[in-house]
Structure formats: C-alpha cells, structure tokens
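Engineer: Test case, fold it:
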Amino acid sequence: QVQLVESGGGLVQAGGSLRLSCAASGRTFSSYVVGWFRQAPGKEREFVAVVGGTGRVTYYADSVKGRFTISRDNYKNTVYLQMNSLKPEDTAVYSCTAYVSDPSSGYWGQGTQVTVSS
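Structural biologist: Numbering: from 1, shown residues only. Next comes the predicted model:
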C-alpha cells in the first residue's frame, strides 16, 4: 500500500515558477513509476510527466517540455515537479500517481491546485 500526498500548489503570475512535491509512504517506493497528471475545469485529466523508479528515465507531455522538470529522491520517498515559465493554460489540479505498469490501476494522491494568472 502506498499513500501519496501532494503539496506546493498555489497562485502564481504567468512566467513564474512553482515546485510541486509528491510525498509517499511505503518502503518500496523505488519500485514504482511516478507520474504527474493534471485536470483543468471542464477538461479531461491529462498526462504531464513521468519518472522511472531510479529517476534516470523521464518523459514529458509536449505542452510542458522544456518548462517542467520531474525528479525523485527515493531516500525521501518524494517526487518533485519543477514548473517554470508557467502559463495560464497550466492552471489545473495536479495529482501524482505511483504505479507498476498502468497509472489507472495505481495509487493516487488528492491533488494540489495550481492557478496561473495572466
């Protein structure tokens, strides 16, 4: 069982930065792939970024590539999402998920709100 808690969201002006954290319980955290997804009002949840168990492999949605960086610290059982050059269209609830093979069957956090003002 893995429990995930996101933090770091807030209100920021366009062009600003935020760093989200996804803190996990459990002793086998490094066994899980961890991804960030987001959902804006009236829209479907969309993929943002993912990091492999060791942190060496990462993958990003085209919409955030070059602006967001995902990383993990397995000693702290935490995954980070550094978000730079934020745009109003990045406004959404950001959630992290830890999974083995399929995010839809993984563990999810409660989400953290990110609001980017123009």
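
Engineer: hey, let's count contacts and neighbours off CA atoms from now on
Structural biologist: Fine.

Engineer: Show the contacting residues for residue 114.
Structural biologist: Listed by Cα atoms under 8 Å, 6 or more residues apart in numbering, the contact set of residue 114 reads 9-12, 90-94.

Engineer: just those residues now: which is nearest residue 29?
Structural biologist: Ranked by distance to residue 29 (Cα to Cα), the contacts of residue 114 are led by residue 94 at 19.8 Å.

Engineer: does that closest one count as helix, strand or coil?
Structural biologist: Of the three states, residue 94 takes strand under DSSP: H, G, I helix; E, B strand; the rest coil.

Engineer: in the sheet, who's paired with residue 38?
Structural biologist: Judged by DSSP bridges, the bridge partners of residue 38 are residue 46, residue 94.

Engineer: thinking it is in contact with residue 49, fair?
Structural biologist: No: the pair residue 38 and residue 49 does not pass the contact test of Cα atoms under 8 Å, sitting 9.8 Å apart.

Engineer: Strands along this structure, start to end?
Structural biologist: Secondary structure of the chain, counting by DSSP state E: strands at 4-7, 10-13, 18-24, 33-39, 46-51, 58-60, 68-73, 78-83, 92-99, 107-108, 112-117.

Engineer: Make CSV out of those strands and add mean pLDDT.
Structural biologist: Output for the strands of the chain, formatted as CSV (pLDDT from 0 to 100):
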stretch, mean pLDDT
strand 4-7, 97
strand 10-13, 98
strand 18-24, 97
strand 33-39, 97
strand 46-51, 98
strand 58-60, 98
strand 68-73, 98
strand 78-83, 98
strand 92-99, 97
strand 107-108, 94
strand 112-117, 98
